[in-house]
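Enquirer: Fold the stuff below for me.
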Amino acid sequence: PIYDIPAVPECTGEQITQRLLEQIKPFKTELFLNERVDEVHQEKENWVVKTNSKKEFIAPNVMIAGGVGSFEPRKISLKEAEKLEGKSVFYAVKNKEQFKNKKLKEITLQRNTSMEEFTKLSVDQYLLPEMELIVKSNRRYVFPESTSHVLGYTGKLSENDFDSTVEIKEGMTSVGKIGVERFYQNLLSGSPGFEKLETNANNEIIRVLEKKSATRGSDVYLTIDVRLQNYTYELLKGQRGSIIVMNPHNGDILSFVSHPGYDINLFARGISTKDYKKLLQDKANPLFNRALIGQYPPGSTIKPFFGIVALEDGIIDKSKVFACTGAYKLENYKRPFKCWKKDGHMDVNLSSAVASSCDVFFYRLAEVSGIDMIHEKLQKFGFGEKTYIDLYGEKTGLLPSREWKNQSRQAAWYPGETLNVGIGQGYFLATPLQLANATSLLASGGSSVTPHLFLRSIDSIPNQRISFNRKNILFRNFFASTSRCYNRYYF
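Expert: Numbering: from 1, shown residues only. Here you go, the predicted structure:
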(Lines give C-alpha, C1' and ligand atoms only; values in the text may rest on other atoms or scores of the structure.)
Protein backbone atom coordinates (compact mmCIF):
# COMPACT_ATOMS: atom_id res chain seq x y z
CA PRO A 1 0.00 0.00 0.00
CA ILE A 2 1.21 3.50 -0.84
CA TYR A 3 0.07 6.65 0.92
CA ASP A 4 0.40 10.28 -0.05
CA ILE A 5 1.03 12.22 3.15
CA PRO A 6 1.45 16.00 2.90
CA ALA A 7 4.69 17.38 4.29
CA VAL A 8 4.39 19.25 7.60
CA PRO A 9 7.63 21.23 8.11
CA GLU A 10 7.04 21.86 11.85
CA CYS A 11 6.76 18.12 12.64
CA THR A 12 9.58 16.29 14.35
CA GLY A 13 10.79 12.95 13.08
CA GLU A 14 8.84 11.21 15.86
CA GLN A 15 5.61 12.99 14.90
CA ILE A 16 6.11 12.13 11.24
CA THR A 17 6.65 8.50 12.18
CA GLN A 18 3.48 8.46 14.29
CA ARG A 19 1.59 10.02 11.39
CA LEU A 20 2.91 7.35 9.04
CA LEU A 21 1.88 4.58 11.38
CA GLU A 22 -1.69 5.90 11.52
CA GLN A 23 -1.98 5.16 7.80
CA ILE A 24 -1.66 1.41 8.41
CA LYS A 25 -4.86 1.19 10.44
CA PRO A 26 -7.07 0.21 7.47
CA PHE A 27 -4.95 -2.95 7.24
CA LYS A 28 -5.69 -3.85 10.89
CA THR A 29 -2.05 -3.41 11.79
CA GLU A 30 -0.89 -2.28 15.22
CA LEU A 31 2.54 -0.82 15.87
CA PHE A 32 3.54 0.97 19.04
CA LEU A 33 6.50 3.23 19.72
CA ASN A 34 8.49 3.22 22.97
CA GLU A 35 6.48 0.36 24.48
CA ARG A 36 8.22 -1.28 27.40
CA VAL A 37 7.22 -4.62 28.91
CA ASP A 38 6.23 -4.29 32.58
CA GLU A 39 4.81 -7.74 33.24
CA VAL A 40 4.57 -11.18 31.67
CA HIS A 41 2.21 -13.89 32.93
CA GLN A 42 0.70 -17.11 31.64
CA GLU A 43 -2.97 -17.58 30.75
CA LYS A 44 -3.74 -21.14 29.64
CA GLU A 45 -1.52 -21.84 26.61
CA ASN A 46 -0.66 -18.20 25.88
CA TRP A 47 1.53 -15.61 27.51
CA VAL A 48 0.04 -12.19 28.22
CA VAL A 49 2.41 -9.24 28.00
CA LYS A 50 1.55 -5.95 29.70
CA THR A 51 3.36 -2.74 28.69
CA ASN A 52 3.98 0.57 30.39
CA SER A 53 0.93 2.08 28.62
CA LYS A 54 -1.31 -0.65 30.08
CA LYS A 55 -1.68 -2.42 26.72
CA GLU A 56 -1.92 -6.21 26.72
CA PHE A 57 -0.68 -8.56 24.02
CA ILE A 58 -0.92 -12.29 23.51
CA ALA A 59 2.63 -13.57 23.58
CA PRO A 60 2.55 -15.57 20.31
CA ASN A 61 2.04 -12.25 18.54
CA VAL A 62 4.77 -10.36 20.37
CA MET A 63 8.30 -10.08 19.05
CA ILE A 64 11.41 -8.33 20.29
CA ALA A 65 12.33 -5.34 18.17
CA GLY A 66 15.19 -6.18 15.82
CA GLY A 67 16.35 -5.69 12.24
CA VAL A 68 14.00 -5.18 9.33
CA GLY A 69 12.41 -8.42 8.13
CA SER A 70 13.47 -10.38 11.22
CA PHE A 71 9.97 -10.81 12.71
CA GLU A 72 8.03 -14.03 12.47
CA PRO A 73 4.87 -14.73 14.48
CA ARG A 74 5.45 -17.74 16.71
CA LYS A 75 4.69 -19.01 20.19
CA ILE A 76 7.38 -18.25 22.74
CA SER A 77 8.50 -20.27 25.74
CA LEU A 78 8.23 -19.11 29.35
CA LYS A 79 11.94 -18.54 29.40
CA GLU A 80 11.72 -16.31 26.35
CA ALA A 81 8.66 -14.49 27.72
CA GLU A 82 10.45 -13.65 30.95
CA LYS A 83 13.23 -12.02 28.97
CA LEU A 84 10.75 -9.57 27.41
CA GLU A 85 10.50 -7.52 30.58
CA GLY A 86 12.11 -4.13 30.16
CA LYS A 87 12.50 -4.51 26.41
CA SER A 88 10.83 -2.83 23.42
CA VAL A 89 8.14 -4.88 21.71
CA PHE A 90 6.60 -4.93 18.27
CA TYR A 91 3.01 -6.17 17.99
CA ALA A 92 2.53 -8.51 15.02
CA VAL A 93 0.52 -7.44 11.99
CA LYS A 94 -2.93 -9.00 11.89
CA ASN A 95 -3.03 -8.91 8.09
CA LYS A 96 -2.04 -12.47 7.09
CA GLU A 97 -0.90 -11.36 3.64
CA GLN A 98 2.01 -9.52 5.23
CA PHE A 99 3.33 -12.76 6.67
CA LYS A 100 3.17 -14.75 3.46
CA ASN A 101 5.62 -17.67 3.42
CA LYS A 102 6.48 -16.89 7.08
CA LYS A 103 8.45 -13.83 6.05
CA LEU A 104 7.50 -10.29 6.92
CA LYS A 105 6.69 -8.35 3.75
CA GLU A 106 7.48 -4.68 3.56
CA ILE A 107 4.74 -2.07 3.77
CA THR A 108 5.50 1.15 1.92
CA LEU A 109 4.35 3.91 4.24
CA GLN A 110 5.28 6.88 2.07
CA ARG A 111 6.88 7.62 -1.26
CA ASN A 112 8.41 10.81 -2.63
CA THR A 113 9.48 11.93 0.84
CA SER A 114 10.88 15.46 0.89
CA MET A 115 14.50 15.97 1.89
CA GLU A 116 13.35 17.78 5.02
CA GLU A 117 11.18 14.87 6.15
CA PHE A 118 13.82 12.36 5.17
CA THR A 119 16.38 14.16 7.37
CA LYS A 120 14.06 14.27 10.36
CA LEU A 121 13.15 10.62 10.01
CA SER A 122 16.83 9.70 9.79
CA VAL A 123 17.58 11.49 13.07
CA ASP A 124 14.70 9.85 14.97
CA GLN A 125 14.81 6.46 13.29
CA TYR A 126 15.91 4.82 16.56
CA LEU A 127 12.32 5.29 17.78
CA LEU A 128 11.19 2.58 15.37
CA PRO A 129 14.04 0.31 14.28
CA GLU A 130 11.60 -1.72 12.16
CA MET A 131 11.25 1.24 9.77
CA GLU A 132 13.78 1.48 6.95
CA LEU A 133 14.54 4.51 4.81
CA ILE A 134 15.28 3.54 1.22
CA VAL A 135 16.48 5.69 -1.68
CA LYS A 136 15.14 4.51 -5.04
CA SER A 137 15.16 5.89 -8.55
CA ASN A 138 11.93 6.76 -10.36
CA ARG A 139 11.03 7.51 -13.96
CA ARG A 140 10.46 11.20 -14.70
CA TYR A 141 8.84 11.75 -18.08
CA VAL A 142 9.66 15.09 -19.70
CA PHE A 143 6.45 15.27 -21.77
CA PRO A 144 4.10 13.21 -19.62
CA GLU A 145 0.79 13.93 -21.35
CA SER A 146 1.65 14.06 -25.05
CA THR A 147 3.64 10.81 -24.85
CA SER A 148 1.41 9.00 -22.36
CA HIS A 149 -0.20 6.56 -24.81
CA VAL A 150 3.03 5.64 -26.56
CA LEU A 151 5.49 5.43 -23.65
CA GLY A 152 3.16 4.02 -21.01
CA TYR A 153 4.51 3.81 -17.47
CA THR A 154 6.12 1.54 -14.88
CA GLY A 155 4.44 0.28 -11.74
CA LYS A 156 4.79 -2.05 -8.79
CA LEU A 157 5.24 -5.72 -9.66
CA SER A 158 1.97 -7.67 -9.26
CA GLU A 159 0.86 -11.30 -9.54
CA ASN A 160 -0.52 -10.70 -13.05
CA ASP A 161 2.96 -9.81 -14.32
CA PHE A 162 4.17 -13.37 -13.75
CA ASP A 163 1.77 -14.73 -16.37
CA SER A 164 2.96 -12.47 -19.18
CA THR A 165 5.76 -12.40 -21.74
CA VAL A 166 7.77 -10.12 -19.46
CA GLU A 167 10.82 -11.73 -17.89
CA ILE A 168 10.54 -11.29 -14.13
CA LYS A 169 13.95 -11.37 -12.50
CA GLU A 170 14.66 -12.02 -8.83
CA GLY A 171 14.82 -8.78 -6.90
CA MET A 172 12.69 -6.86 -9.41
CA THR A 173 10.15 -4.57 -7.71
CA SER A 174 8.72 -2.56 -10.61
CA VAL A 175 7.83 -3.41 -14.18
CA GLY A 176 6.51 -1.70 -17.32
CA LYS A 177 2.72 -1.82 -17.31
CA ILE A 178 1.66 -0.54 -20.74
CA GLY A 179 3.08 1.10 -23.85
CA VAL A 180 6.74 0.95 -24.84
CA GLU A 181 7.64 0.50 -21.17
CA ARG A 182 5.81 -2.83 -21.26
CA PHE A 183 6.75 -4.04 -24.74
CA TYR A 184 10.48 -3.43 -24.26
CA GLN A 185 10.59 -4.22 -20.54
CA ASN A 186 13.13 -7.00 -21.05
CA LEU A 187 15.50 -4.60 -22.81
CA LEU A 188 15.01 -1.71 -20.42
CA SER A 189 15.11 -3.53 -17.08
CA GLY A 190 18.66 -4.84 -16.84
CA SER A 191 19.50 -7.25 -14.01
CA PRO A 192 19.11 -6.57 -10.26
CA GLY A 193 22.09 -7.15 -8.01
CA PHE A 194 22.03 -9.08 -4.75
CA GLU A 195 23.94 -9.97 -1.60
CA LYS A 196 23.70 -13.35 0.09
CA LEU A 197 24.35 -12.78 3.79
CA GLU A 198 25.01 -15.03 6.75
CA THR A 199 23.25 -13.80 9.90
CA ASN A 200 22.88 -14.95 13.49
CA ALA A 201 19.68 -15.51 15.49
CA ASN A 202 19.39 -11.75 16.14
CA ASN A 203 19.53 -11.05 12.41
CA GLU A 204 22.97 -9.47 12.75
CA ILE A 205 25.18 -9.81 9.68
CA ILE A 206 28.18 -12.08 10.18
CA ARG A 207 29.62 -12.10 6.65
CA VAL A 208 28.79 -11.68 2.96
CA LEU A 209 28.63 -15.08 1.23
CA GLU A 210 27.97 -13.92 -2.31
CA LYS A 211 27.56 -10.59 -4.07
CA LYS A 212 26.52 -9.58 -7.56
CA SER A 213 26.40 -6.00 -8.83
CA ALA A 214 23.33 -4.76 -10.66
CA THR A 215 23.54 -4.00 -14.37
CA ARG A 216 21.47 -1.27 -15.96
CA GLY A 217 19.26 -2.00 -18.92
CA SER A 218 19.72 -0.97 -22.52
CA ASP A 219 18.96 2.52 -23.81
CA VAL A 220 16.04 2.28 -26.26
CA TYR A 221 15.66 4.92 -28.96
CA LEU A 222 12.28 5.44 -30.63
CA THR A 223 11.26 6.68 -34.06
CA ILE A 224 9.06 9.36 -32.43
CA ASP A 225 9.95 12.97 -33.29
CA VAL A 226 9.13 14.59 -29.95
CA ARG A 227 8.63 18.05 -31.47
CA LEU A 228 6.15 16.65 -33.95
CA GLN A 229 4.54 14.62 -31.16
CA ASN A 230 3.97 17.74 -29.05
CA TYR A 231 2.76 19.71 -32.07
CA THR A 232 0.15 17.13 -33.12
CA TYR A 233 -0.98 16.78 -29.50
CA GLU A 234 -1.63 20.52 -29.34
CA LEU A 235 -3.61 20.36 -32.61
CA LEU A 236 -6.19 18.23 -30.80
CA LYS A 237 -6.49 20.56 -27.81
CA GLY A 238 -10.08 20.59 -26.54
CA GLN A 239 -11.02 17.60 -28.71
CA ARG A 240 -11.03 13.83 -28.52
CA GLY A 241 -9.15 12.09 -31.28
CA SER A 242 -5.96 10.59 -32.63
CA ILE A 243 -3.17 11.62 -35.00
CA ILE A 244 -0.60 9.19 -36.39
CA VAL A 245 2.27 10.26 -38.62
CA MET A 246 4.09 7.42 -40.39
CA ASN A 247 6.94 7.25 -42.89
CA PRO A 248 5.53 5.11 -45.75
CA HIS A 249 8.99 4.02 -46.93
CA ASN A 250 10.26 2.37 -43.76
CA GLY A 251 7.35 2.17 -41.29
CA ASP A 252 8.80 4.66 -38.77
CA ILE A 253 6.05 6.11 -36.55
CA LEU A 254 6.99 9.78 -36.18
CA SER A 255 3.97 10.78 -34.10
CA PHE A 256 1.51 8.63 -32.17
CA VAL A 257 -1.08 10.73 -30.36
CA SER A 258 -4.28 9.89 -28.54
CA HIS A 259 -6.02 12.93 -27.06
CA PRO A 260 -6.61 13.61 -24.27
CA GLY A 261 -3.63 12.05 -22.56
CA TYR A 262 -2.78 11.94 -18.86
CA ASP A 263 0.18 12.63 -16.60
CA ILE A 264 2.16 9.37 -16.56
CA ASN A 265 4.44 10.80 -13.85
CA LEU A 266 1.54 10.20 -11.44
CA PHE A 267 1.90 6.47 -12.07
CA ALA A 268 5.70 6.55 -12.00
CA ARG A 269 5.62 8.05 -8.50
CA GLY A 270 2.79 5.78 -7.33
CA ILE A 271 -0.62 7.23 -8.08
CA SER A 272 -2.95 8.01 -5.19
CA THR A 273 -6.47 6.61 -5.00
CA LYS A 274 -7.85 10.14 -5.37
CA ASP A 275 -5.92 10.88 -8.56
CA TYR A 276 -6.72 7.49 -10.10
CA LYS A 277 -10.42 7.85 -9.35
CA LYS A 278 -10.35 11.28 -10.97
CA LEU A 279 -8.88 9.81 -14.17
CA LEU A 280 -11.47 7.03 -14.23
CA GLN A 281 -14.36 9.46 -13.79
CA ASP A 282 -13.13 11.90 -16.45
CA LYS A 283 -15.77 11.92 -19.23
CA ALA A 284 -13.05 12.49 -21.85
CA ASN A 285 -11.63 9.07 -20.91
CA PRO A 286 -7.93 10.04 -20.97
CA LEU A 287 -6.79 6.48 -20.14
CA PHE A 288 -8.31 5.16 -23.39
CA ASN A 289 -5.73 4.74 -26.18
CA ARG A 290 -7.78 5.81 -29.19
CA ALA A 291 -4.93 5.30 -31.66
CA LEU A 292 -4.37 1.66 -30.75
CA ILE A 293 -7.66 0.26 -29.47
CA GLY A 294 -10.27 2.78 -30.62
CA GLN A 295 -12.49 1.13 -33.25
CA TYR A 296 -14.59 3.50 -35.37
CA PRO A 297 -16.49 3.48 -38.67
CA PRO A 298 -13.83 4.76 -41.13
CA GLY A 299 -16.37 6.74 -43.14
CA SER A 300 -15.16 8.55 -46.24
CA THR A 301 -11.50 7.83 -45.44
CA ILE A 302 -12.12 4.40 -46.98
CA LYS A 303 -13.11 5.73 -50.41
CA PRO A 304 -9.61 5.97 -51.97
CA PHE A 305 -9.10 2.29 -51.15
CA PHE A 306 -12.36 1.31 -52.86
CA GLY A 307 -11.22 3.34 -55.85
CA ILE A 308 -7.98 1.41 -56.24
CA VAL A 309 -9.77 -1.91 -55.69
CA ALA A 310 -12.17 -1.06 -58.52
CA LEU A 311 -9.27 -0.04 -60.80
CA GLU A 312 -7.35 -3.19 -59.96
CA ASP A 313 -10.28 -5.46 -60.86
CA GLY A 314 -11.24 -3.52 -63.98
CA ILE A 315 -14.64 -2.54 -62.62
CA ILE A 316 -13.96 1.05 -63.68
CA ASP A 317 -11.29 2.97 -65.51
CA LYS A 318 -10.21 6.57 -65.19
CA SER A 319 -12.85 7.75 -67.66
CA LYS A 320 -15.81 5.97 -66.08
CA VAL A 321 -18.56 8.41 -65.06
CA PHE A 322 -21.57 7.93 -62.78
CA ALA A 323 -24.43 10.38 -62.38
CA CYS A 324 -25.12 11.56 -58.82
CA THR A 325 -28.61 12.98 -58.34
CA GLY A 326 -28.42 13.07 -54.55
CA ALA A 327 -29.61 9.49 -53.93
CA TYR A 328 -29.03 5.95 -55.13
CA LYS A 329 -31.85 3.48 -55.77
CA LEU A 330 -31.14 -0.16 -54.99
CA GLU A 331 -33.39 -2.78 -56.50
CA ASN A 332 -35.99 -4.23 -54.08
CA TYR A 333 -35.28 -1.47 -51.52
CA LYS A 334 -37.97 1.13 -50.88
CA ARG A 335 -35.64 3.55 -49.12
CA PRO A 336 -33.11 5.30 -51.36
CA PHE A 337 -29.47 5.55 -50.21
CA LYS A 338 -28.82 9.26 -49.98
CA CYS A 339 -25.68 11.23 -50.76
CA TRP A 340 -24.49 13.82 -48.26
CA LYS A 341 -25.17 16.48 -50.90
CA LYS A 342 -28.93 16.66 -51.40
CA ASP A 343 -28.75 18.17 -54.92
CA GLY A 344 -26.16 15.62 -56.00
CA HIS A 345 -22.76 16.04 -57.68
CA MET A 346 -24.00 15.49 -61.24
CA ASP A 347 -21.53 13.51 -63.41
CA VAL A 348 -18.47 12.35 -61.45
CA ASN A 349 -15.49 10.15 -62.21
CA LEU A 350 -13.14 8.56 -59.67
CA SER A 351 -11.01 11.66 -59.21
CA SER A 352 -13.90 14.05 -58.63
CA ALA A 353 -15.81 11.46 -56.57
CA VAL A 354 -12.92 11.13 -54.12
CA ALA A 355 -12.31 14.89 -54.07
CA SER A 356 -15.98 15.68 -53.35
CA SER A 357 -16.58 12.50 -51.32
CA CYS A 358 -19.57 11.56 -53.46
CA ASP A 359 -21.50 8.78 -51.73
CA VAL A 360 -23.53 7.75 -54.79
CA PHE A 361 -20.39 6.96 -56.80
CA PHE A 362 -19.18 4.55 -54.10
CA TYR A 363 -22.64 3.08 -53.58
CA ARG A 364 -22.47 2.01 -57.20
CA LEU A 365 -18.93 0.66 -56.88
CA ALA A 366 -19.91 -1.35 -53.79
CA GLU A 367 -22.95 -2.85 -55.51
CA VAL A 368 -20.97 -3.89 -58.57
CA SER A 369 -18.02 -5.21 -56.52
CA GLY A 370 -20.02 -7.18 -53.94
CA ILE A 371 -19.14 -7.83 -50.31
CA ASP A 372 -17.01 -10.90 -51.06
CA MET A 373 -14.61 -9.03 -53.31
CA ILE A 374 -14.59 -5.99 -51.02
CA HIS A 375 -13.64 -8.14 -48.03
CA GLU A 376 -10.91 -9.96 -49.95
CA LYS A 377 -9.31 -6.83 -51.38
CA LEU A 378 -9.51 -4.62 -48.28
CA GLN A 379 -7.77 -7.31 -46.24
CA LYS A 380 -4.68 -6.60 -48.34
CA PHE A 381 -4.70 -3.07 -46.96
CA GLY A 382 -4.58 -4.49 -43.43
CA PHE A 383 -8.21 -3.88 -42.45
CA GLY A 384 -9.63 -6.45 -40.04
CA GLU A 385 -6.11 -7.45 -38.92
CA LYS A 386 -3.45 -6.24 -36.52
CA THR A 387 -0.65 -4.09 -37.88
CA TYR A 388 1.75 -5.76 -35.38
CA ILE A 389 3.12 -2.48 -34.13
CA ASP A 390 5.42 -2.92 -31.13
CA LEU A 391 2.69 -2.24 -28.54
CA TYR A 392 0.49 -4.69 -26.67
CA GLY A 393 -3.31 -4.61 -26.77
CA GLU A 394 -3.87 -3.62 -30.41
CA LYS A 395 -7.42 -4.14 -31.72
CA THR A 396 -8.21 -5.60 -35.15
CA GLY A 397 -11.25 -3.52 -36.02
CA LEU A 398 -13.95 -5.29 -38.03
CA LEU A 399 -13.98 -5.98 -41.76
CA PRO A 400 -17.46 -7.51 -42.23
CA SER A 401 -18.21 -10.47 -44.48
CA ARG A 402 -20.97 -12.99 -45.11
CA GLU A 403 -19.22 -15.56 -42.91
CA TRP A 404 -18.76 -13.06 -40.07
CA LYS A 405 -22.45 -12.08 -40.02
CA ASN A 406 -23.59 -15.67 -40.26
CA GLN A 407 -21.41 -16.69 -37.30
CA SER A 408 -21.91 -13.64 -35.09
CA ARG A 409 -25.52 -12.68 -35.91
CA GLN A 410 -26.89 -15.92 -37.37
CA ALA A 411 -28.29 -13.90 -40.24
CA ALA A 412 -27.85 -13.54 -43.99
CA TRP A 413 -26.01 -10.68 -45.65
CA TYR A 414 -28.16 -8.12 -47.46
CA PRO A 415 -27.20 -6.00 -50.52
CA GLY A 416 -28.01 -2.77 -48.67
CA GLU A 417 -25.36 -3.61 -46.09
CA THR A 418 -22.79 -3.81 -48.89
CA LEU A 419 -23.64 -0.22 -49.87
CA ASN A 420 -23.12 0.95 -46.27
CA VAL A 421 -19.69 -0.73 -46.20
CA GLY A 422 -18.92 1.08 -49.49
CA ILE A 423 -18.91 4.44 -47.69
CA GLY A 424 -17.19 3.16 -44.53
CA GLN A 425 -20.36 2.76 -42.47
CA GLY A 426 -22.48 -0.14 -41.23
CA TYR A 427 -20.56 -2.89 -39.48
CA PHE A 428 -17.20 -1.66 -40.76
CA LEU A 429 -14.79 -0.65 -37.97
CA ALA A 430 -11.14 0.41 -38.17
CA THR A 431 -8.53 1.80 -35.79
CA PRO A 432 -6.66 5.04 -36.52
CA LEU A 433 -3.47 2.96 -36.72
CA GLN A 434 -4.98 0.71 -39.40
CA LEU A 435 -6.01 3.76 -41.45
CA ALA A 436 -2.53 5.26 -41.15
CA ASN A 437 -0.97 1.96 -42.21
CA ALA A 438 -3.34 1.56 -45.19
CA THR A 439 -2.77 5.15 -46.32
CA SER A 440 0.97 4.57 -46.06
CA LEU A 441 0.64 1.53 -48.30
CA LEU A 442 -1.30 3.60 -50.85
CA ALA A 443 1.25 6.43 -50.75
CA SER A 444 4.22 4.10 -51.18
CA GLY A 445 2.88 2.62 -54.41
CA GLY A 446 1.86 -0.74 -52.96
CA SER A 447 4.84 -1.52 -50.71
CA SER A 448 4.09 -2.31 -47.09
CA VAL A 449 6.34 -2.38 -44.05
CA THR A 450 5.46 -3.05 -40.44
CA PRO A 451 4.72 0.18 -38.53
CA HIS A 452 7.08 0.38 -35.57
CA LEU A 453 8.29 2.62 -32.75
CA PHE A 454 11.64 0.91 -32.13
CA LEU A 455 14.65 2.55 -33.81
CA ARG A 456 17.60 1.03 -31.98
CA SER A 457 18.87 -0.01 -28.57
CA ILE A 458 22.34 0.25 -27.09
CA ASP A 459 23.50 -2.11 -24.36
CA SER A 460 25.28 -0.08 -21.69
CA ILE A 461 27.84 -2.75 -20.80
CA PRO A 462 29.29 -4.15 -24.06
CA ASN A 463 28.01 -1.10 -26.00
CA GLN A 464 26.23 -3.44 -28.37
CA ARG A 465 23.78 -1.84 -30.78
CA ILE A 466 20.56 -3.41 -32.06
CA SER A 467 18.71 -1.65 -34.90
CA PHE A 468 15.32 -2.22 -36.48
CA ASN A 469 15.42 -4.69 -39.37
CA ARG A 470 14.31 -2.68 -42.41
CA LYS A 471 13.68 -5.90 -44.35
CA ASN A 472 10.73 -6.72 -42.10
CA ILE A 473 8.19 -6.37 -44.92
CA LEU A 474 4.84 -8.14 -44.75
CA PHE A 475 3.95 -7.92 -48.45
CA ARG A 476 5.17 -5.83 -51.38
CA ASN A 477 3.80 -4.44 -54.61
CA PHE A 478 0.61 -6.47 -54.76
CA PHE A 479 -0.97 -3.69 -56.82
CA ALA A 480 2.07 -1.57 -57.75
CA SER A 481 1.23 -0.88 -61.41
CA THR A 482 -2.37 0.08 -60.68
CA SER A 483 -1.27 2.16 -57.70
CA ARG A 484 1.17 4.21 -59.78
CA CYS A 485 -1.53 4.81 -62.38
CA TYR A 486 -4.03 5.73 -59.67
CA ASN A 487 -1.61 8.10 -57.92
CA ARG A 488 -0.78 9.93 -61.14
CA TYR A 489 -4.43 10.17 -62.10
CA TYR A 490 -5.94 10.97 -58.72
CA PHE A 491 -3.34 13.22 -57.12
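Enquirer: Roughly how far does the nearest residue to Thr199 once chain neighbours are set aside sit from Gly445?
Expert: What sits nearest to Thr199 in space, not counting adjacent residues and going by C-beta to C-beta, 6 or more residues apart in numbering, is Ile205, at 5.6 Å. The C-beta positions use only the backbone N, C-alpha and C, and glycine is treated the same way. Separation of Ile205 from Gly445 (C-beta to C-beta, to the nearest Å) stands at 68 Å.
Enquirer: Who are the contact partners of the residue nearest to Thr199?
Expert: Ile205 makes contact with 197-199, according to C-beta atoms under 8 Å, 6 or more residues apart in numbering.
Enquirer: Tell me which of those residues fall in strands.
Expert: Members of the contacts of Ile205 lying in strands (criterion: DSSP state E): 197-199.
Enquirer: which of the residues you listed tops the neighbour count?
Expert: Leu197 (14 neighbours; other C-beta atoms under 10 Å).
Enquirer: quick one: that residue and Arg207 touch, right?
Expert: Yes. Contact criterion C-beta atoms under 8 Å: Leu197 and Arg207 qualify, at 7.5 Å.
Enquirer: Backbone dihedrals for Gln295, please?
Expert: Phi and psi for Gln295, reported as degrees, to the nearest 10, are phi -120, psi 120.
Enquirer: ok, so what distance separates the closest residue to it other than its chain neighbours from Thr418?
Expert: Nearest residue to Gln295, sequence neighbours excluded (C-beta to C-beta, 6+ apart): Leu429, at 4.3 Å. Distance of Leu429 to Thr418, given as C-beta to C-beta: 16 Å.
Enquirer: the more surrounded of the two?
Expert: Set Leu429 next to Thr418 and count neighbours by other C-beta under 10 Å: Thr418 wins out with 24 against 20.
Enquirer: wait, that one sits on Val368?
Expert: No. With contacts counted by C-beta under 8 Å, Thr418 stays clear of Val368, the gap being 9.9 Å.
Enquirer: check contacts around Lys169.
Expert: Lys169 sits next to 189, 191-192 when contact means C-beta under 8 Å, 6+ apart.
Enquirer: Got the phi and psi for it?
Expert: Dihedral angles for Lys169 - degrees, to the nearest 10 - are phi -100, psi 150.
Enquirer: With Thr232 instead?
Expert: phi -70, psi -30.
Enquirer: Let's have the contacts of Ile205 in TSV, adding pLDDT and distance to Gly270.
Expert: Below are these laid out as TSV (pLDDT from 0 to 100; distance: C-beta to C-beta, whole Å):
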residue	pLDDT	distance to Gly270
Leu197	81	28
Glu198	85	34
Thr199	80	30
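Enquirer: so which of these comes closest to Asp372?
Expert: Distance to Asp372, by C-beta to C-beta, is smallest for Leu197 among the contacts of Ile205, at 69.7 Å.
Enquirer: before we move on, back to that, how much space between the residue nearest to Thr199 and Ile134?
Expert: Plainly put, Ile205 is 17 Å away from Ile134 if you go by C-beta to C-beta.
Enquirer: which of the contacts of Ile205 lies closest to Glu385?
Expert: Nearest to Glu385 out of these is Leu197 (C-beta to C-beta; 53.2 Å).
Enquirer: Identify the residue spatially nearest to the closest one, adjacent ones excluded.
Expert: In space, not counting the residues next to it along the chain, Leu197 is nearest to Ile205; the distance is 5.3 Å by C-beta to C-beta, 6+ apart.
Enquirer: What does the pLDDT read for the one you found?
Expert: Here, the pLDDT recorded for Ile205 equals 77.
Enquirer: same deal with Gly155?
Expert: At Gly155, the model reports a pLDDT of 86.
Enquirer: what's it in contact with, if anything?
Expert: Gly155 is in contact with 174-175, 177, 267, counting by C-beta under 8 Å, 6+ apart.
Enquirer: where in this protein is pLDDT low?
Expert: 1-111, 125-131, 163, 202-203, 460-491 (pLDDT under 70).
Enquirer: Make JSON lines out of the contacts of Ile205 and add distance to Arg290.
Expert: Formatted as JSON lines, the contacts of Ile205 follow (distance: C-beta to C-beta, whole Å):
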{"residue": "Leu197", "distance to Arg290": "50"}
{"residue": "Glu198", "distance to Arg290": "55"}
{"residue": "Thr199", "distance to Arg290": "53"}
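Enquirer: hang on, Glu210 packs against Lys196?
Expert: Yes. Between Glu210 and Lys196 there is a contact at 4.0 Å, judged by C-beta under 8 Å.
Enquirer: Which residue, other than its chain neighbours, is closest to Ser213?
Expert: Excluding the flanking residues, the one nearest Ser213 by C-beta to C-beta, 6+ apart is Gly193, at 4.8 Å.
Enquirer: I'd like to know how far the one you found sits from Ser457.
Expert: According to C-beta to C-beta, Gly193 stands 21 Å off from Ser457.
Enquirer: The two: which has the busier surroundings?
Expert: Ser457 (18 against 11).
Enquirer: is it true that the more buried one lies in a strand?
Expert: Yes. Judged by DSSP: H, G, I helix; E, B strand; the rest coil, Ser457 forms part of a strand.
Enquirer: Secondary structure element holding Leu435?
Expert: helix 432-443 (DSSP states H and E).
Enquirer: What strands line up against the following helix or strand past that helix, and which way round?
Expert: Later in the chain than helix 432-443, the nearest helix or strand by DSSP H and E is strand 447-448. If you go by DSSP bridges, strand 447-448 pairs up with strand 475-476 (antiparallel).
Enquirer: Going along the chain, name the helices of the stretch 251-400 of the chain.
Expert: Secondary structure of the stretch 251-400 of the chain (DSSP state H, counting those that start in this stretch): helices at 265-269, 273-281, 290-293, 303-312, 350-356, 359-369, 371-379.
Enquirer: what's the distance between Phe143 and Phe183?
Expert: The value you get for Phe143 to Phe183, if C-beta to C-beta is used, is 19 Å.
Enquirer: likewise Asp263?
Expert: Here Asp263 is placed at a distance of 21 Å from Phe183 (C-beta to C-beta).
Enquirer: So which of the two has more stuff around it?
Expert: Set Asp263 next to Phe183 and count neighbours by other C-beta under 10 Å: Phe183 wins out with 22 against 17.
Enquirer: quick one, phi psi at the nearest residue to the more buried one once chain neighbours are set aside?
Expert: Ranked by C-beta to C-beta, 6+ apart and with sequence neighbours excluded, the top spatial neighbour of Phe183 is Asp390, at 5.2 Å. For Asp390, the backbone dihedrals (degrees, to the nearest 10) come out as phi -80, psi 60.
Enquirer: follow-up on the earlier one: pick out whichever of the contacts of Ile205 sits closest to Trp413.
Expert: Here the nearest of these to Trp413, counting by C-beta to C-beta, is Leu197; it sits at 70.0 Å.
Enquirer: and that closest one, what is it in contact with?
Expert: Taking C-beta under 8 Å, 6+ apart, we find Leu197 in contact with 205-209.
Enquirer: Could I get the residues you listed in a markdown table, plus columns for distance to Arg364 and secondary structure?
Expert: A markdown table is the format used below for the contacts of Leu197 (distance: C-beta to C-beta, whole Å; DSSP: H, G, I helix; E, B strand; the rest coil):
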| residue | distance to Arg364 | secondary structure |
| --- | --- | --- |
| Ile205 | 83 | strand |
| Ile206 | 87 | strand |
| Arg207 | 86 | strand |
| Val208 | 81 | strand |
| Leu209 | 80 | strand |
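Enquirer: ok, those residues vs Met115, which is closest?
Expert: For the contacts of Leu197, the residue nearest Met115 by C-beta to C-beta is Ile205; the value is 28.4 Å.
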